[in-house]
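*Asks:* Below is the sequence, then the predicted model.
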Amino acid sequence: MFIKPIRKLITILAVFTILGTYGQKVLDMKDFNIEGIKDITPIVVQALEKCKEEGISTLQFPKGTYHFYPTFAPEFFCEIVNNDNGLKRTAFPIIDFNNFVIDGNGSDFIFHGKMIPFIIEESSNIKITNLSIDWEVPFTLEGLVVANDATKQTFDIEVKTPYVVEFDRLYLSLEREDSPYERKFGKRFAMWEHYNLEVAESIIWDPKTMAPLYNTKLYDTPERGIHAKELKKGLIRLQTEMEKVPPVGSIFVSKGDYLQNRTSPAFRVLKSKDLELRNVNVHHAGSMGLIVERSENITLDGFNVVLKKGSGRMITATADATHFCNVKGTIIIKNCTFENMLDDSVNIHGTYVRVNKIIDDYTLAVETYHPHQNGFLFGEEGDSVQVIEQHNFQVITEPLILKKVKRINEKISYITFNKPITNKVALYDGVENISWNASAIIENNVVRNNRARSFIIKTPRKVVVRNNHLSSQMASFRITGGLGLWNESGPNVDLLIENNLIENSVYGGNGAQAVFLIDPQYIDKKNIKGKYSKNITIRNNVIKTFDSSILVAMSVDGLTFENNEIIQTDTFKPIFPDADNVQIINCNNVLIKGNTYKKLDGKETTITIDEKSTNVTVAKGDAFKKKSSKN
């Protein structure tokens, strides 16, 4: 999967001090005289090589601020699920390490340009602790709205971060390596090499709340094609079609071109196990704070994706705070704060591949679907898989063992099973790897001020989510799966959500999303057959919400919604006041009891139960009274 570093690392002459600590060897970076050095990347890479060669178990830094540039960073070709693939440079290539600790002692690590700070692969028992990650130049453009004109559909923004206005368009400028060529001829290839990204995937932020603007949907701009005119240095007028122009004082935020704006997660983990990230802050990243693939047993304790105080920025990670794909063992996420991301805080899932062609009785050609799954490592010899039917996501084969996996290109692989699949599989059915699913404990975390959801959970292993404080622009919990876009898999089989405090979520106006949204992505929701998830319990939560939709549950066998305290707030005006409070769709064995609902508007609670749902019990005295059924 990787190529060797493209250039030999420069030789660093330094005195190495090896200290014995309880029988372990410690390499102290203070002996490299790194204080005040402009770029310590090559020194760190050299130190890591020494640690591997000599069996040194800990690399520690004296507390300080250190800068990392890509110029002398080793380079690898990385295919990263839900991110942009390509050549990636890193300052910390933790590859084939075992029983190893990196301790920053409270240091600030500042990165420059397109880099992945930590690449951790084929490693075990790794601990990274006591450090913060940031970028000198952000991967977002943030502009203060200083004027607007609703008639002309224009608004003016003040921009302090690097930008370019060309071809009637505004581009955010990423930090680019300096070179004699660049100095002589200018950054003439910056646009073509995607260092200048056209303003796209934009959103309006509220500096008063430090969160997306209430009813953000009203201010949506087209994906591309926003006209731009530089009125003077740092002042740009934007013009495009939108329902409403953003208000003066709001912040226009853009992360640039789709499929070019997820280049630089802070941590990339692949085929590793027993990883612990403790007391680590990610202040910014050009994608996710952490992306983990095909790994086992991950612990985050005080892993925070948070704004740096005094930075003046609105955005931390430009995608999810944390993301786990085909991870097994146990994921522990505790005592963390995730804020101001441009996507979810936690996403745990598998990924379906789709049947592209039936080769013979034992072999399928399967494909990835979304471009961000290109090169995805779906499975290896010995993994257990199953095939699901494309319309209702029902399992149509017994568990199968992969006997052979042959990759053809980044989208197509041939997979051969231990048993025949004759007449069982159709074109575009999905194949799910059931060997790589994780259980999870998610507790004592804070999620706030982010675009999108708090937790997306898609795994058939036991998951407990408790004692968290959540406030996100969309649903607090999204439980889903499908074969339509991201192809993320994982019906839930044993999920407990309890003792959480949820305050004023679903304020984005992105449809009548519920606080708890359980919605498999069926192609035809009117003709659903079978169930998707089972055994979901939502209990003892405090839900403070201004809007109507609390719970939407679709295709669950075994759902308990009990002893939840729901309080209507006046923080915002309801966006979808006529949405049902609770919707039960194609569910079986549902118990709703002991819930309370303090309503400010004096209206009765509403619950709808469709005719496909069976054995639904709403206990006497519950806030939601069983009244009607709908088709």
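*Replies:* Noted; the coordinates are in hand.

*Asks:* just the strands in the stretch 101-250 of the chain please.
*Replies:* 118-121, 124-135, 141-149, 154-159, 163-166, 169-173, 196-198, 202-206, 211-212, 227-232, 235-239 (DSSP state E, counting those that start in this stretch).

*Asks:* gap between the first one and the chain center?
*Replies:* Relative to the mean C-alpha coordinate of its chain, strand 118-121 is positioned 17 Å out (C-alpha atoms, centre = their mean, to the nearest Å).

*Asks:* Show me what it is packed against.
*Replies:* Helices and strands touching strand 118-121, as assessed by 3 or more C-beta pairs under 8 Å, 6 or more residues apart in numbering; DSSP states H and E, comprise strand 92-95, strand 267-270. C-beta here means a position set from N, CA and C on the backbone, and glycine is covered the same way.

*Asks:* What of the fourth one?
*Replies:* Using 3+ C-beta pairs under 8 Å, 6+ apart as the contact criterion, the secondary-structure elements in contact with strand 154-159 are strand 141-149, strand 235-239.

*Asks:* Mind listing residues that contact it?
*Replies:* 141-149, 231, 234-239, 245-246, 252 (C-beta atoms under 8 Å, 6 or more residues apart in numbering).

*Asks:* Over to the first one?
*Replies:* Outside of strand 118-121, the residues within contact range by C-beta under 8 Å, 6+ apart are 2, 76, 78, 88, 90-97, 126, 128, 266-272, 275.

*Asks:* Same question for the third one.
*Replies:* Surrounding strand 141-149, the residues in contact under the criterion C-beta under 8 Å, 6+ apart are 154-161, 163, 170, 172, 199, 204-205, 207, 235-236, 245-256, 313-315.

*Asks:* Strands of the stretch 401-550 of the chain, residue ranges please.
*Replies:* Going by DSSP E, counting those that start in this stretch, the stretch 401-550 of the chain shows strands at 412-417, 430-433, 438-443, 446-450, 455-457, 462-466, 469-472, 477-479, 488-489, 494-498, 501-503, 516-518, 533-539, 542-545.

*Asks:* Could you export those strands as JSON lines, including mean neighbour count, mean pLDDT and distance to Gly55?
*Replies:* Converted to JSON lines, these look like this (neighbours: other C-beta atoms under 10 Å; pLDDT from 0 to 100; distance: least, C-beta to C-beta, whole Å):
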{"stretch": "strand 412-417", "mean neighbour count": "19", "mean pLDDT": "98", "distance to Gly55": "37"}
{"stretch": "strand 430-433", "mean neighbour count": "24", "mean pLDDT": "98", "distance to Gly55": "35"}
{"stretch": "strand 438-443", "mean neighbour count": "21", "mean pLDDT": "98", "distance to Gly55": "31"}
{"stretch": "strand 446-450", "mean neighbour count": "23", "mean pLDDT": "98", "distance to Gly55": "39"}
{"stretch": "strand 455-457", "mean neighbour count": "25", "mean pLDDT": "98", "distance to Gly55": "39"}
{"stretch": "strand 462-466", "mean neighbour count": "20", "mean pLDDT": "98", "distance to Gly55": "37"}
{"stretch": "strand 469-472", "mean neighbour count": "24", "mean pLDDT": "98", "distance to Gly55": "43"}
{"stretch": "strand 477-479", "mean neighbour count": "25", "mean pLDDT": "98", "distance to Gly55": "45"}
{"stretch": "strand 488-489", "mean neighbour count": "24", "mean pLDDT": "93", "distance to Gly55": "40"}
{"stretch": "strand 494-498", "mean neighbour count": "20", "mean pLDDT": "98", "distance to Gly55": "41"}
{"stretch": "strand 501-503", "mean neighbour count": "20", "mean pLDDT": "98", "distance to Gly55": "47"}
{"stretch": "strand 516-518", "mean neighbour count": "25", "mean pLDDT": "98", "distance to Gly55": "49"}
{"stretch": "strand 533-539", "mean neighbour count": "21", "mean pLDDT": "98", "distance to Gly55": "46"}
{"stretch": "strand 542-545", "mean neighbour count": "20", "mean pLDDT": "98", "distance to Gly55": "51"}
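
*Asks:* Quick one: closest of these to Lys620.
*Replies:* Closest of the strands of the stretch 401-550 of the chain to Lys620 is strand 533-539, at 17.9 Å (criterion: C-beta to C-beta).

*Asks:* Report the distance from that closest one to the chain centre.
*Replies:* 23 Å.

*Asks:* I'd like to know which elements it is packed against.
*Replies:* Checking 3+ C-beta pairs under 8 Å, 6+ apart, strand 533-539 ends up next to strand 494-498, strand 516-518, strand 556-562.

*Asks:* So which of those is nearest Tyr69?
*Replies:* strand 516-518 (42.7 Å).

*Asks:* Partner strands of the closest one and their direction?
*Replies:* Within its sheet, and counting by DSSP bridges, strand 516-518 is paired with strand 477-479 (parallel), strand 551-554 (parallel).

*Asks:* Now tabulate these in a markdown table and tack on distance to Tyr352.
*Replies:* As requested, the strands paired with strand 516-518 are arranged in a markdown table below (distance: least, C-beta to C-beta, whole Å):
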| stretch | distance to Tyr352 |
| --- | --- |
| strand 477-479 | 16 |
| strand 551-554 | 18 |
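
*Asks:* what about the ones you listed, which gets the closest to Ala47?
*Replies:* strand 477-479 (42.0 Å).

*Asks:* re earlier: now render the strands of the stretch 401-550 of the chain as JSON lines, adding distance to Gly594.
*Replies:* Output for the strands of the stretch 401-550 of the chain, formatted as JSON lines (distance: least, C-beta to C-beta, whole Å):
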{"stretch": "strand 412-417", "distance to Gly594": "47"}
{"stretch": "strand 430-433", "distance to Gly594": "36"}
{"stretch": "strand 438-443", "distance to Gly594": "23"}
{"stretch": "strand 446-450", "distance to Gly594": "26"}
{"stretch": "strand 455-457", "distance to Gly594": "23"}
{"stretch": "strand 462-466", "distance to Gly594": "18"}
{"stretch": "strand 469-472", "distance to Gly594": "21"}
{"stretch": "strand 477-479", "distance to Gly594": "19"}
{"stretch": "strand 488-489", "distance to Gly594": "33"}
{"stretch": "strand 494-498", "distance to Gly594": "13"}
{"stretch": "strand 501-503", "distance to Gly594": "17"}
{"stretch": "strand 516-518", "distance to Gly594": "16"}
{"stretch": "strand 533-539", "distance to Gly594": "8"}
{"stretch": "strand 542-545", "distance to Gly594": "13"}
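
*Asks:* Please identify which of those is closest to His349.
*Replies:* strand 488-489 (4.1 Å).

*Asks:* And that closest one, what does it pack against?
*Replies:* Using 3+ C-beta pairs under 8 Å, 6+ apart, strand 488-489 sits against strand 346-351.

*Asks:* got the contact list for Arg466?
*Replies:* Ile442, Glu443, Leu496, Ile497, Glu498, Asn499, Asn500.

*Asks:* just the residues you listed now: which is nearest Thr351?
*Replies:* Ile442 (20.5 Å).

*Asks:* so where's this protein shaky on pLDDT?
*Replies:* For the chain, applying pLDDT under 70 flags the ranges 1-23, 627-631.

*Asks:* what about stretch 373-381, distance to the chain center?
*Replies:* 19 Å.

*Asks:* now the helices for the protein?
*Replies:* 41-54, 180-185 (DSSP state H).

*Asks:* returning to what we had before: between the helices and strands packed on strand 533-539, which gets nearest to Lys626?
*Replies:* Using C-beta to C-beta, the helices and strands packed on strand 533-539 put strand 556-562 closest to Lys626, at 12.6 Å.
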